[in-house]
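1. Sequence first, then the predicted structure:
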Amino acid sequence: MSYIAVIGAGSWGTTLACLLAEKGYDVSLWVHEKALADTLYETRVNTIYLPDTVIPESIRVTNNIEDALKRARYVLNAVPSQYVRDVFSEGSHYMLEEAVIVSLSKGIERGTHLTVSSILKELSNHPVAVLSGPSFAKEVIRKLPTAVTLAIEDRNSGYILQEVFNMNNFRVYTHDDIIGVEIGGALKNVMAIASGISDSLGLGNNARASLITRGLAEIKRLGVALGAQERTFSGLSGIGDLVLTCTSLLSRNYTVGVRLGEGLKIKDILEQSKSVAEGITTAESSYELARKFGVDMPIVEQVYDVIYNDKDPLQAVRSLLERSLKTEFYR
């Protein structure tokens, strides 16, 4: 069965829907906003999230989640992490018994501190895989070379999904560490905010490189505390995704950091943005997880204070630099 349902028509969901349809799969694209669904259906252009791309006529665009899911062998979750529970609480009732979910979302749920795969497993009995890595949608849709990681517990299912998603210029590697891949994908957004702040303040390349390196150390510490494999963070979903999002204005989270460094308040930034920057809510969830598990995460703590306690970004930098001295590698 080659039916694929993409749930969520942001830039990433729309991109994969287009590429999979071009590969020959029968694809439906569920759009949450009725007005956007109507526009997509009539013009075949996602005017909000991917305005320069024509959506293939073969893709069935729908605002009806039952219609999107009822025939799908593979279900791609491209819904922002904070909305996954609401969408799949309803959607899971319409899924085929043999359906496999592949999650594209990168975040940690507020309150529960669950990763997206954990939410999906809680809501259904379906196998869940995670696709993550350094992959800006605007470059993938242009078919620029990209490599990502697909994490799933069952090795044989992983080989099948690897073939489904692997395309020219889009190389897919398999892995079995779902929690590690998700923590890397979620926490890199918090570090991208820190990197944007640093660059906005004019702190230089040395500072950015230090933030990326020490940020990776924090991500690794939390991931291992949650049961992840340490080696995962040296891969595409770890350092690969981290470097990408910490160094480019194509990153929504990096852009949020730049604006915070310029003196804007988070409320104003959110009002001006059409898309979701997952690092804003993940900063809160990861800060709380660090305290819960006793993990030292000073960068996360400072990003949290800037966003939620209105701390001056430059003072946050000083707080990091004035910490007590330590050895570089410790447990």
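-> Looks like it arrived, so ask away. Numbers count the residues shown, from 1 in each chain.

2. residues of the lowest-mean-pLDDT helix or strand in the chain that come out buried?
-> Within the chain, no helix or strand scores below helix 266-272, which has a mean of 91 by mean pLDDT, DSSP states H and E. Going by neighbour count (16 or more other C-beta atoms under 10 Å), the buried part of helix 266-272 is 266, 269. (Each C-beta comes from the backbone N, C-alpha and C, glycine too.)

3. ok, residues contacting it?
-> Applying C-beta atoms under 8 Å, 6 or more residues apart in numbering, the contact partners of helix 266-272 are 256, 259-260, 280, 307-308.

4. Assign a three-state SS to the residue positioned nearest the centre of the chain, would you?
-> The centre of the chain sits closest to residue 106, judged by C-alpha atoms, centre = their mean, with a distance of 2.5 Å. Three-state call for residue 106 (DSSP: H, G, I helix; E, B strand; the rest coil): coil.

5. Run through the residues that contact it.
-> Contacts of residue 106 by C-beta under 8 Å, 6+ apart are 81, 116, 132, 182, 185-186, 188-189, 278.

6. separation between it and residue 161?
-> Distance, residue 106 to residue 161, using C-beta to C-beta, to the nearest Å: 18 Å.

7. pLDDT value on the closest residue to residue 278 other than its chain neighbours, please?
-> What sits nearest to residue 278 in space, not counting adjacent residues and going by C-beta to C-beta, 6 or more residues apart in numbering, is residue 107, at 4.1 Å. pLDDT, residue 107: 96.

8. Now do the contacts for residue 107.
-> 80-82, 116, 186, 189, 278, 281-282, 285.

9. Equivalent analysis for residue 147, please.
-> Going by C-beta under 8 Å, 6+ apart, residue 147 touches 133-134, 170-173, 236, 240.

10. domain parsing for the protein?
-> Structural domains of the chain, as assigned by automatic domain parsing, span the residue ranges 3-176, 186-321.

11. Turn the ones you listed into a markdown table, including distance to residue 328.
-> Formatted as a markdown table, the domains of the chain follow (distance: least, C-beta to C-beta, whole Å):
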| stretch | distance to residue 328 |
| --- | --- |
| domain 3-176 | 25 |
| domain 186-321 | 8 |
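
12. Nearest to residue 330, out of those?
-> Proximity to residue 330, assessed across the domains of the chain by C-beta to C-beta, is greatest for domain 186-321 (8.9 Å).

13. Please compute how far that closest one lies from its chain's middle.
-> 13 Å (C-alpha atoms, centre = their mean, to the nearest Å).

14. what do you get for stretch 92-107?
-> Distance, stretch centre to chain centre, for stretch 92-107: 16 Å (C-alpha atoms, centre = their mean).

15. Ends of that stretch, what's the gap?
-> Stretch 92-107 has an end-to-end distance of 20 Å (criterion: C-alpha to C-alpha, to the nearest Å).

16. list the buried ones in that stretch?
-> Residues of stretch 92-107 classed as buried by neighbour count (16+ other C-beta under 10 Å): 92, 94-96, 99-107.

17. In the chain, where is pLDDT below threshold?
-> Low-confidence segments of the chain, defined by pLDDT under 70: 1, 331.

18. repeat that with 50
-> The model of the chain has no residue with pLDDT under 50.

19. In the stretch 101-250 of the chain, what residue spans correspond to helices?
-> Along the stretch 101-250 of the chain, counting by DSSP state H, counting those that start in this stretch, helices occupy 116-123, 137-140, 155-165, 178-200, 204-225, 241-245.

20. C-alpha coordinates for the fifth one, PDB please?
-> Coordinates of each C-alpha in helix 204-225 appear next as PDB, following Å, rounded to 0.1, in the frame of the first residue of the first chain:
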ATOM      1  CA  GLY A 204      31.700  37.200  17.300                       C
ATOM      2  CA  ASN A 205      32.500  33.800  15.800                       C
ATOM      3  CA  ASN A 206      34.400  32.600  18.800                       C
ATOM      4  CA  ALA A 207      31.300  33.100  21.000                       C
ATOM      5  CA  ARG A 208      29.000  31.300  18.600                       C
ATOM      6  CA  ALA A 209      31.400  28.300  18.300                       C
ATOM      7  CA  SER A 210      31.600  28.100  22.100                       C
ATOM      8  CA  LEU A 211      27.800  28.200  22.400                       C
ATOM      9  CA  ILE A 212      27.400  25.400  19.900                       C
ATOM     10  CA  THR A 213      30.000  23.200  21.600                       C
ATOM     11  CA  ARG A 214      28.800  23.800  25.100                       C
ATOM     12  CA  GLY A 215      25.200  23.600  23.900                       C
ATOM     13  CA  LEU A 216      25.900  20.200  22.600                       C
ATOM     14  CA  ALA A 217      27.400  19.100  25.900                       C
ATOM     15  CA  GLU A 218      24.100  20.200  27.600                       C
ATOM     16  CA  ILE A 219      21.900  18.400  25.100                       C
ATOM     17  CA  LYS A 220      24.000  15.300  25.500                       C
ATOM     18  CA  ARG A 221      23.800  15.400  29.300                       C
ATOM     19  CA  LEU A 222      20.000  15.700  29.300                       C
ATOM     20  CA  GLY A 223      19.600  13.100  26.600                       C
ATOM     21  CA  VAL A 224      21.700  10.500  28.500                       C
ATOM     22  CA  ALA A 225      19.800  11.200  31.700                       C
END
